[in-house]
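J.: Got a sequence here, can you build the structure:
(one chain, ligands or ions: 1)
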Amino acid sequence: MCGIVGAVATRPVAEILLEGLRRLEYRGYDSAGMALLDEAGQVVRLRRAGKVQALADLLAEQPQTGEIGIAHTRWATHGKPTESNAHPHMSGERLAVVHNGIIENYEPLREALKADGYVFNSDTDTEVVAHLLDQTLKTGLSPTQALRQCVARMEGAFALGVVHADYPDQLLAARKGSPLVIGVGMGENFIASDQLALLPVTDRFMFLQEGDIATLTTHQIQVIDAAGNAVERPVSIFEHGQAAAEKGAFKHFMLKEIFEQPEVMKRALEGRISQGHLLEQAWGVGASAYFDQVKQVQIVACGTSYHAGMIARYWIESIVGIPCNVEVASEFRYRDVVLPQNTLLITLSQSGETADTLAALREVKQRVLASLAICNVPGSSLVRESDLALMTNAGPEIGVASTKAFTSQLVALLMTTLILARRTGLKPEQEAQIVEALIGLPTLIQSLLSLNDSIAKMAEAFAEKHHALFLGRGTLYPVAMEGALKLKEISYIHAEAYPAGELKHGPLALVDKDMPVVAVAPNNDMLDKLKSNLQEVRARGGELFVFTGCEQSIRDEEGVTTLTLPAVHPLLEPLAYTLPLQLLSYHVAVLKGTDVDQPRNLAKSVTVE
Ligand code: G6P
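T.: Just a heads-up that it's a prediction; the model follows:
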């Protein structure tokens with residue numbers, strides 16, 4: 001999705017902006033640009049379709065010394081990914097705007113501006129902002145007040161950055177429904193759609209609230225709220241440290257993030273466990289009182305986060321013994337949903353900014369007992385707007401394909417399950433036993449990573465294939481779904497997942513020697529049933545790749561490749577069996593030579609519908 005970076009300093013800012021854009025590349029985009037005020041007080045605009053590197057090359061040809069500027073990576077929504085649609089957009093020669101999100105009423109605004117003589121040079125909704133601000137400034141308002149008035153007239157969810165040659169010391173910013181943070185420096189200040197973009201220049205951040213307008217100079221940050229009142233927003237320190245956003249020795253962020261998982265498991269548990277028990281206070285003020293009343297759980301999420309929710313349904317219904325529904329947010333938000341009394345809404349999101357998940361929360365917030373966000377980004381919209389929040393603490397996830405965020409969500413969901421199960425008869429000693437297994441997770445995950453080489457070898461069988469089928473039963477069915485999603489996301493191989501018991505009801509017709517079948521088959525009470533499903537595949541000449549927990553029960557033979565995982569607590573099986581599937585898709589993608597961290601057409605944080 002689009003990214004914004006802006007800076008006002010007493011040194012040239014072009015490189016700061018460029019580095020900021022590089023750090024936002026992971027979000028997905030198709031053009032990049034920046035606008036700076038040069039020494040002569042003119043706006044210089046540089047834009048390129050394609051990668052940030054193309055913009056960097058242009059900047060190398062035309063070095064810039066401007067000390068104030070805005071920059072943007074655009075992910076096309078209104079209009080093609082061309083240079084003329086790339087941001088910044090200008091009104092005349094003196095005003096430049098970058099924008100994330102969508103302005104829903106841009107058409108009537110554009111018609112009114114055209115009638116007033118404004119000429120449009122792009123297909124974007126953003127250009128409306130530039131002209132509208134120019135028009136409003138002509139009424140004699142200050143830039144801040146003019147921007148506030150424009151924001152009030154624009155419907156939708158968006159974040160804005162503005163520079164104006166007539167106000168060469170001011171960088172303006174606005175936030176309404178899309179994320180925007182202010183980076184607080186020493187004698188310089190910054191804006192960005194994600195704090196990651198600014199880590200090389202500051203670790204102090206101010207989060208804007210809905211409707212806030214900020215005016216930044218080198219030494220001041222003034223914020224007014226939607227009503228026009230001057231407000232103070234607190235400054236917080238970025239927690240994860242800069243190293244978290246760098247690849248280090250790994251070839252890709254995805255691989256780095258897969259290998260970080262032992263540490264991530266530790267962080268997900270940190271502060272939540274004391275003497276073999278979970279600390280309920282970690283779920284937030286008032287959580288216990290809500291949890292006492294919960295009669296059913298509704299989980300809503302998108303993509304990989306949705307798969308985590310599907311696994312949690314098995315846990316909640318079997319351990320807590322109350323009904324649990326799981327639905328993708330884009331369906332849930334538009335359906336006439338029946339929510340029984342005392343429903344706990346759990347939203348799952350790595351970013352906390354996914355438009356559909358956020359909309360689903362807003363849609364039903366008033367009709368549920370309480371909303372709990374399980375999320376990786378503190379200060380994100382989802383966290384701020386929910387009654388309760390449990391942070392997954394996975395650290396920044398850069399690879400578009402989610403890995404460590406998923407496993408950390410599973411830990412958070414399992415802990416939440418236990419907290420709810422306390423109310424329905426889970427005994428302290430049972431809780432202690434599961435908590436002990438959780439504490440062993442970092443070691444378990446570490447041992448699974450040692451399968452990396454064997455999995456890389458296994459991946460060779462997939463590189464030339466066009467399709468793959470993933471099978472699992474019970475909690476391992478959503479794990480199979482997540483494995484299939486990972487493979488299609490980064491290797492572009494068409495992959496589907498089925499509950500193994502459904503094989504006969506359709507997918508078996510597809511099985512032949514060109515359709516590898518991946519099965520996740522831990523040594524649990526579903527193993528025998530799964531084994532007969534696998535026989536059905538073998539009988540049709542399908543090649544099997546089985547991740548199993550029991551060497552004896554499924555053996556390597558012609559057409560069957562097995563990989564044995566260590567024995568694990570049944571509740572941790574979904575976590576353990578996810579790891580090899582992440583590695584499998586990674587190695588297949590590397591063999592195919594795809595853009596692993598930024599797969600085509602996908603975005604990390606889907607902040608538009
Ligand atoms: C996008 C990403 C996925 C992610 C999904 C939900 O599709 O590419 O990796 O699972 O959004 O994102 P969230 O931040 O809400 O977990």
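
J.: CA atoms for contacts and neighbours, from now on please.
T.: Fine.

J.: ok, so what distance separates the residue nearest the centre of the chain from residue 432?
T.: In the chain, the C-alpha nearest the mean C-alpha coordinate belongs to residue 351, at 3.7 Å (C-alpha atoms, centre = their mean). Distance, residue 351 to residue 432, by C-alpha to C-alpha, to the nearest Å: 31 Å.

J.: okay, the longest helix anywhere in the chain in CSV with CA atoms only?
T.: Assignment by DSSP state H gives helix 573-592 as the longest helix of the chain. In CSV, the C-alpha atoms belonging to helix 573-592 read as follows (Å, rounded to 0.1, in the frame of the first residue of the first chain):
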residue,chain,number,x,y,z
GLU,A,573,1.0,-29.0,16.7
PRO,A,574,-0.3,-26.0,14.6
LEU,A,575,2.7,-23.9,15.6
ALA,A,576,5.2,-26.7,15.0
TYR,A,577,3.8,-27.8,11.6
THR,A,578,3.6,-24.3,10.3
LEU,A,579,7.4,-23.8,10.4
PRO,A,580,8.3,-26.4,7.7
LEU,A,581,5.5,-25.2,5.5
GLN,A,582,6.9,-21.6,5.7
LEU,A,583,10.4,-22.9,4.8
LEU,A,584,9.0,-25.0,2.0
SER,A,585,7.3,-22.1,0.3
TYR,A,586,10.4,-19.9,0.8
HIS,A,587,12.7,-22.4,-0.9
VAL,A,588,10.4,-23.1,-3.7
ALA,A,589,10.1,-19.3,-4.3
VAL,A,590,13.9,-18.9,-4.2
LEU,A,591,14.3,-21.8,-6.8
LYS,A,592,11.8,-20.1,-9.0
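
J.: and that helix, what other elements does it pack with?
T.: Packing contacts for helix 573-592, counted by 3 or more C-alpha pairs under 8 Å, 6 or more residues apart in numbering; DSSP states H and E, involve helix 253-259, helix 404-421, helix 441-449, helix 452-459, helix 476-491.

J.: neighbouring contacts of the worst-scoring helix or strand of the chain on mean pLDDT?
T.: Least confident helix or strand of the chain, by mean pLDDT, DSSP states H and E, is helix 527-539 with a mean of 80. Residues outside helix 527-539 that contact it (C-alpha atoms under 8 Å, 6 or more residues apart in numbering) are 472-473, 500-501, 503, 508, 511, 517, 521, 543-544, 554, 559.

J.: among these, who's most crowded?
T.: In terms of neighbours by other C-alpha atoms under 10 Å, the contacts of helix 527-539 top out with residue 521 at 27 neighbours.

J.: partners of that one in the sheet?
T.: With DSSP bridges as the criterion, residue 521 is bridged to residue 548.

J.: so it touches residue 545, yeah?
T.: No. If you go by C-alpha atoms under 8 Å, residue 521 and residue 545 don't touch, sitting 10.2 Å apart.

J.: Let me know the angle separating the longest helix of the chain from helix 476-491.
T.: When axes from the mean of the first three to the mean of the last three C-alpha atoms, to 10 degrees is applied, the directions of helix 573-592 and helix 476-491 differ by 20 degrees.

J.: what's the model's confidence in helix 573-592, averaged?
T.: Throughout helix 573-592, pLDDT has a mean value of 97.

J.: The helix or strand in which residue 162 is found: what's the following helix or strand?
T.: Here residue 162, judged by DSSP states H and E, is contained in strand 156-164. Using DSSP H and E, the helix or strand that directly follows strand 156-164 along the chain is strand 171-176.

J.: In terms of secondary structure, what does that next one contact?
T.: So strand 171-176, by 3+ C-alpha pairs under 8 Å, 6+ apart, packs with strand 3-8, helix 143-153, strand 156-164, strand 213-216.

J.: can you do 6 Å?
T.: strand 156-164, strand 213-216 (3 or more C-alpha pairs under 6 Å, 6 or more residues apart in numbering; DSSP states H and E).

J.: Convert it to PDB, retaining C-alpha atoms only.
T.: Taking C-alpha atoms only, strand 171-176 is exported to PDB below (Å, rounded to 0.1, in the frame of the first residue of the first chain):
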ATOM      1  CA  LEU A 171       5.500  20.800   6.600                       C
ATOM      2  CA  LEU A 172       1.800  20.100   7.000                       C
ATOM      3  CA  ALA A 173       0.200  16.700   7.800                       C
ATOM      4  CA  ALA A 174      -3.300  15.400   8.300                       C
ATOM      5  CA  ARG A 175      -4.700  12.100   9.400                       C
ATOM      6  CA  LYS A 176      -8.200  10.900   9.000                       C
END
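
J.: strands paired with the next helix-or-strand element following it, and their directions?
T.: Later in the chain than strand 171-176, the nearest helix or strand by DSSP H and E is strand 181-184. Using DSSP bridges, strand 181-184 pairs in its sheet with strand 189-192 (antiparallel), strand 204-207 (antiparallel).

J.: partners of the residue nearest to residue 473 when sequence neighbours are not counted in the sheet?
T.: The shortest distance from residue 473 to any non-neighbouring residue, by C-alpha to C-alpha, 6 or more residues apart in numbering, is to residue 499 (5.4 Å). For residue 499, the beta-bridge partners are residue 472 (DSSP bridges).

J.: ok, residue 499 touching residue 469?
T.: No. With contact defined as C-alpha atoms under 6 Å, residue 499 does not reach residue 469; the gap is 10.6 Å.

J.: In terms of neighbours, single out the busier of these two.
T.: residue 469 (23 against 18).

J.: near the ligand, which residues of the stretch 201-350 of the chain?
T.: Contacts of the stretch 201-350 of the chain with the ligand, taken as C-alpha under 6 Å from any ligand atom, map to 302-305, 349-350.
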